[in-house]
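Chemist: I need the structure of the sequence given here:
(chains A and B)
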Amino acid sequence: MTILEVKNLKKIYVTRFGGNQVQALSKINFTVEEGEYVAIMGESGSGKTTLLNILAALDKPTSGEVLLEGKNVTEIKEKEISAFRRDNLGFVFQDFNLLDNFTLKDNIFLPLVLQGVTHQEMEKKLEPVAVKLGIKELLPKYPYEVSGGQKQRAAIARALITSPKLILADEPTGALDSKASDGIMELFEEINNDGQTILMVTHSTKMASNAKRVLFIKDGEVFHQIYRGNMKNDEMYTKISDTLTILATGGGNNE
Amino acid sequence: MNKLYFKLMKTNIKNGKQFYFPYILAGMLMVILFYSMRAIYCNEGIEHMVGGSEIKIIMNLGTYVIVIFSFIFIFYTNSFIMKRRKKDIGIYNILGMEKRHIAKELFVETMTIAVIVIAGGLITGVLFNKFFMMFLYKILNFETSIKFVISWAAIRYSLIVFTILYTVTVVYNVMQVKLSNPIELLHGSSVGEKEPKTKVLMAIMGFICIGVGYYIAITTQNPVKALMLFFVAIVLVIIGTYLLFAAGSIAILKMLKNNKNYYYQKKHFIAVSGMIYRMKQNATGLANICILSTMVLVMVSTTVSMYIGQEDIMNTRFDAEINISVYSDKLASNRETLRQLMEKMVTENGGNITKKYDNIKLNYTGYMEDGEFKLLGKDKQLDYTEMAFVTFMTKDDFASTFGIETEALLEDEIALFGTPEYDASEFKVFGNKFKVKTFEDFEYDSITSGMVKEDYYIVVKNEDVLEMLTETAKIIGKNTGWNYNFTYLYNFYMDIDGTSAEKKKCEQAIIDTKEKYMEMLNPEDASAGFQKIMFEGKENSRQSFFSLYGGLFFLGIFLGAIFLIITVIIIFYKQISEGYEDKDRFLIMENVGMSKKDVKMSIRSQIRMVFVFPLAIAAIHVTAAFPMIKRLLLMLNMTNSALYAKCVIVSVLIFAMIYVIVFMLTSRTYYKIAGNK
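Modeler: Predicted coordinates for the structure are as follows:
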């Protein structure tokens, strides 16, 4: 089943001074099936973040459609947009976005509290998620008391706890050392194996090689995509590296 | 190089104008108020006014208060600005500016601000001084035209005071730079936050302090004791308020947090956890707001009620328009002659008597012991609150003075009026024994009422008894070791008609001719024993009353305005600094799926709690202080408690209104910052 469908997405920014127009996305088309694990790669300025923002309903496209389970995200009213994001999407950020004045547990509970779930139900939902992410002992701690990797685990728990249709991750390992990154990478794979659909923007070839499909964006368009098929992680890694090289050199000398 | 400093300063101030503008404005207001008050003090015209000396004393007092609060306040705002500047300073340092260069930059900046503040304040102060004078004169009923004057003396004082103040500020700022390292400076405004611990002991102490303070304020009956205890109560409540804000609030919030079903609700979740941090950082600031608000409320309501209630106070203080007292060694058998002479004195000076009565009183101050009244002496000295006041009057005089008829009395019988209840059947005084025929609870509106331990009017059969009492008192008095001089006190009360000016003229005439009548009383016979004559005219005293209460009123409004300004500025800075701190927090919440509306609502409820809290506590403080202030006002002859209550309510309402307006204006700024708009 198709979860996410992006059709002819276009985004033009007008600079603050004068009318200079910058085209961030020119024509993006792709779909994400249920249970897929998709990584989006591209150079800085290729439009990755803009795309993610539009998917997250944080920004509006100039034209085009984003369909989440057939519902056009770009047409949701301002009033309902927060509830929509809360109920359907889970977010994982590069800098964790945990609130310093909440314990990890309360941070994880935040979206549930916003949904108006009762406390008993929250505890019930938290238990399996905390166990899975291995942060059960850390729950009463505050973000400044734990490591970066542990923070990101808590942030992932926060994204998972609402059982969202789609998890949007923005450079989830961008602020972590390699060991912590590996842990998070494995975690994403595990979560995906449990059936969770993930869409991730990343710079890291290693992280992307873990995904089931990699989309490459260049100059605001989907330039290329790689399906994992039966490839192993290292084969996938090589393939992504090659593609990145092509992307960087303009693709003139290989294909 | 110097140009660079000015350039840096200009950019700084321009970039941070929302911080600097209130800082400069508030400083200027302080200068304006200081100058104005000092100018009134230094004004030569005032000295020649009736009651001018009272005004001078009050204004002098006022300037000291302003100086103290200017220091506290300007330091507070300055430290706030310095906190925000720390990052800039850190960057300068890393970019290669030496500490002495930074110190120089800060010096230039602070001094430029000081010059702007002092010059601006003085110019505005001079321009507005006439307006303040007009206001003061109107309150005081002074009828003089006011000239525009520049008070050089006041300018000199202002220059000295505020130059010192800003010099101290500069030294403080420069010290801050010298004592710090660049990395610290760079992170100066973002030190990691830890959840505050619950300080149970402190919270309990806070409650106890406030409880004891309230208990004292509510239960202390004796105004003289009240005056001393009032300060104890104030100190206790101030300490308690700080403790309560610092520890009590956190204890309560933590309790709410531990109630899971309450805590994990959208409405409470963010508010409670946000509040815990807010209270940690702002406990002192909020306690300051609370105490300042209480001060404003108490001061304004007290001075306003005294000003409005002047006429009542006058009526309590003066039994009649004209009150002549004659002290005499002898019980004049010719009381009638004396009365006629006093009446003559009034009528000859142009007074038309509409009502008159007179009495003879024997006043003694001593103490009660086993049903006996004893005099104080060398061996027996007591606190005011341990003393007894007794006043002997004849049955007839008591009836004509207070309109209370007593039962017929025998020579050795008395009727007692006063407080507290006298339950013994006998009353001994100077070796005389009296049967107490009746006792009646009697509270007379006077300065003494309720101040001493026992306060009795003792009604006796006739003047013979008074004579006997005086004779025995003289004998007893010799043994005390003190040089008592017991006299009979003749009081003549007369009301006259006419306008205020006519009455005043008549009263003045009586004062001027007083000595002449005194001579007539006692032409050659020294044995008549007249000692002195005292005169009090209500109209004549009115002006000095007006000056005193009007002056206090003016001061109350003035200082009330200052405290209000300080409160407003503290609220403003608080809102801004919190806005920046909360900005990231709310951004994260929006990312996690909190709607803009929820963010706004949550911000609102938090600010509301933070700001309603001090106001509510202040209102409770004022209510608790009410009984005590009522008693203190009684000492100042202000007996109209209903009026005071009204003044309290009106001041609380007006204050709350201003508070809410300030709150709404500043929370808009806060939302602009924190709401990511």
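Chemist: tell me where the stretch 1-150 of chain A has strands.
Modeler: Applying DSSP state E, counting those that start in this stretch to the stretch 1-150 of chain A gives strands spanning A:2-14, A:21-33, A:37-41, A:63-68, A:71-72, A:89-92.
Chemist: with the stretch 151-255 of chain A instead?
Modeler: Per DSSP E, counting those that start in this stretch, the stretch 151-255 of chain A carries strands over the ranges A:166-170, A:198-201, A:213-218, A:221-227.
Chemist: output the contacting helices and strands for the second one.
Modeler: Here strand A:198-201 is seen to pack against strand A:37-41, helix A:48-55, strand A:166-170, helix A:178-193 when contacts are counted using 3 or more C-beta pairs under 8 Å, 6 or more residues apart in numbering or on different chains; DSSP states H and E. For glycine as for every other residue, the C-beta is placed from the backbone atoms N, C-alpha and C.
Chemist: run through who's touching that strand.
Modeler: For strand A:198-201, the surrounding residues in contact (C-beta atoms under 8 Å, 6 or more residues apart in numbering or on different chains) are A:4, A:32, A:36-41, A:48-49, A:51-52, A:55, A:166-172, A:188, A:191-192, A:207-208, A:211.
Chemist: contacts only, for B:Lys582.
Modeler: Careful, residue B:582 is Asp and not Lys. B:Gly274, B:Ile603, B:Ala674.
Chemist: just give me the closest of those residues to chain A.
Modeler: The shortest gap between chain A and any of these belongs to B:Gly274, at 6.8 Å (C-beta to the nearest C-beta).
Chemist: any idea how far the residue nearest to that closest one when sequence neighbours are not counted is from B:Tyr670?
Modeler: Counting by C-beta to C-beta, 6 or more residues apart in numbering or on different chains, B:Gly274 lies nearest to B:Gln606, which is 5.1 Å off, once chain neighbours are set aside. To B:Tyr670, B:Gln606 is 10 Å away according to C-beta to C-beta, to the nearest Å.
Chemist: unless I'm mixing things up, B:Gly62 is touching B:Gly560, no?
Modeler: No: the pair B:Gly62 / B:Gly560 is not scored as a contact, 11.4 Å apart, by C-beta atoms under 8 Å.
Chemist: ok, the two, which is more surrounded?
Modeler: B:Gly62 (25 against 22; other C-beta atoms under 10 Å in any protein chain shown).
Chemist: give the contact list for the more buried one.
Modeler: So B:Gly62 contacts B:Met37, B:Leu555, B:Phe558, B:Leu559 (C-beta under 8 Å, 6+ apart).
Chemist: pLDDT, neighbour count and secondary structure added to the residues you listed, as a markdown table?
Modeler: Shown next, in a markdown table, are those (pLDDT from 0 to 100; neighbours: other C-beta atoms under 10 Å in any protein chain shown; DSSP: H, G, I helix; E, B strand; the rest coil):
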| residue | pLDDT | neighbour count | secondary structure |
| --- | --- | --- | --- |
| B:Met37 | 85 | 30 | helix |
| B:Leu555 | 81 | 20 | helix |
| B:Phe558 | 80 | 24 | helix |
| B:Leu559 | 80 | 22 | helix |
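Chemist: got TSV for these, with distance to chain A too?
Modeler: Shown next, in TSV, are those (distance: C-beta to the nearest C-beta, whole Å):
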residue	distance to chain A
B:Met37	45
B:Leu555	44
B:Phe558	42
B:Leu559	38
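Chemist: residues contacting B:Ser249?
Modeler: Contacts of B:Ser249 by C-beta under 8 Å, 6+ apart are B:Met275, B:Met279, B:Ala283, B:Phe613.
Chemist: near chain A, which of these show up?
Modeler: Checked against chain A using C-beta under 8 Å from any C-beta of the partner chain, the contacts of B:Ser249 yield no neighbours at all.
Chemist: that older thread, comparing B:Gln606 and B:Tyr670, which residue is more hemmed in?
Modeler: In this view B:Gln606 and B:Tyr670 are compared by other C-beta under 10 Å, and B:Tyr670 has more residues nearby, 25 against 21.
Chemist: circling back to that earlier point, output the strands of the stretch 1-150 of chain A as CSV; include the columns mean neighbour count.
Modeler: Output for the strands of the stretch 1-150 of chain A, formatted as CSV (neighbours: other C-beta atoms under 10 Å in any protein chain shown):
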stretch, mean neighbour count
strand A:2-14, 17
strand A:21-33, 16
strand A:37-41, 25
strand A:63-68, 17
strand A:71-72, 12
strand A:89-92, 24
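Chemist: out of those strands, which gets nearest to chain B?
Modeler: strand A:89-92 (6.0 Å).
Chemist: show me what the closest one packs onto, helices and strands only.
Modeler: Looks like strand A:89-92 contacts helix A:148-160, strand A:166-170 (3+ C-beta pairs under 8 Å, 6+ apart).
Chemist: want to throw the ones you listed into CSV with mean pLDDT and mean neighbour count?
Modeler: As requested, the helices and strands packed on strand A:89-92 are exported to CSV (pLDDT from 0 to 100; neighbours: other C-beta atoms under 10 Å in any protein chain shown):
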stretch, mean pLDDT, mean neighbour count
helix A:148-160, 90, 24
strand A:166-170, 91, 23
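Chemist: so for chain B, which of the ones you listed sits nearest?
Modeler: Comparing the helices and strands packed on strand A:89-92 by C-beta to the nearest C-beta, helix A:148-160 comes nearest, at 7.0 Å.
Chemist: is that closest one positioned near chain B?
Modeler: Yes: if you take C-beta under 8 Å from any C-beta as the test, helix A:148-160 does meet chain B, through A:Arg158.
Chemist: contacts for that helix, please.
Modeler: Contacts for helix A:148-160 (C-beta under 8 Å, 6+ apart): A:90-93, A:96-98, A:104, A:107-108, A:110-111, A:126, A:129-130, A:133-135, A:138, A:143, A:146, A:167, A:169, A:172-173, A:175-177, A:179-181, A:183-184, A:187, A:191, A:196, B:592.
Chemist: below-threshold pLDDT in the chain: ranges please.
Modeler: By default, I'm working from chain A. Within chain A, the ranges that satisfy pLDDT under 70 run A:16-19, A:250-255.
Chemist: my bad, the chain I had in mind was chain B
Modeler: B:1-2, B:49-51, B:143-145, B:180-196, B:222-227, B:332-334, B:444-451, B:521-531, B:675-677.
Chemist: and it, which residues reach chain A?
Modeler: Going by C-beta under 8 Å from any C-beta, the residues of chain B near chain A are B:192-195, B:260-261, B:263-266, B:269, B:273-274, B:276-277, B:585, B:588-598.
Chemist: buried ones among the residues you listed?
Modeler: B:195, B:263-266, B:269, B:273-274, B:276-277, B:585, B:588-590, B:592-596, B:598 (16 or more other C-beta atoms under 10 Å in any protein chain shown).
Chemist: give me the subset of those residues lying in helices.
Modeler: Counting by DSSP state H, those place B:263, B:266, B:269, B:273-274, B:276-277, B:585, B:588-590, B:592, B:596, B:598 in helices.
Chemist: just to be sure, B:Glu440 is in a strand?
Modeler: Yes: under DSSP: H, G, I helix; E, B strand; the rest coil, B:Glu440 falls within a strand.
Chemist: how far off centre is stretch B:601-614?
Modeler: 30 Å (C-alpha atoms, centre = their mean, to the nearest Å).
Chemist: all strands for chain B, in order.
Modeler: B:322-328, B:353-369, B:372-375, B:388-394, B:413-419, B:426-429, B:432-441, B:454-460, B:488-496, B:530-537 (DSSP state E).
Chemist: and those as TSV, adding mean neighbour count?
Modeler: Formatted as TSV, those follow (neighbours: other C-beta under 10 Å):
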stretch	mean neighbour count
strand B:322-328	21
strand B:353-369	17
strand B:372-375	19
strand B:388-394	21
strand B:413-419	22
strand B:426-429	18
strand B:432-441	15
strand B:454-460	23
strand B:488-496	20
strand B:530-537	16
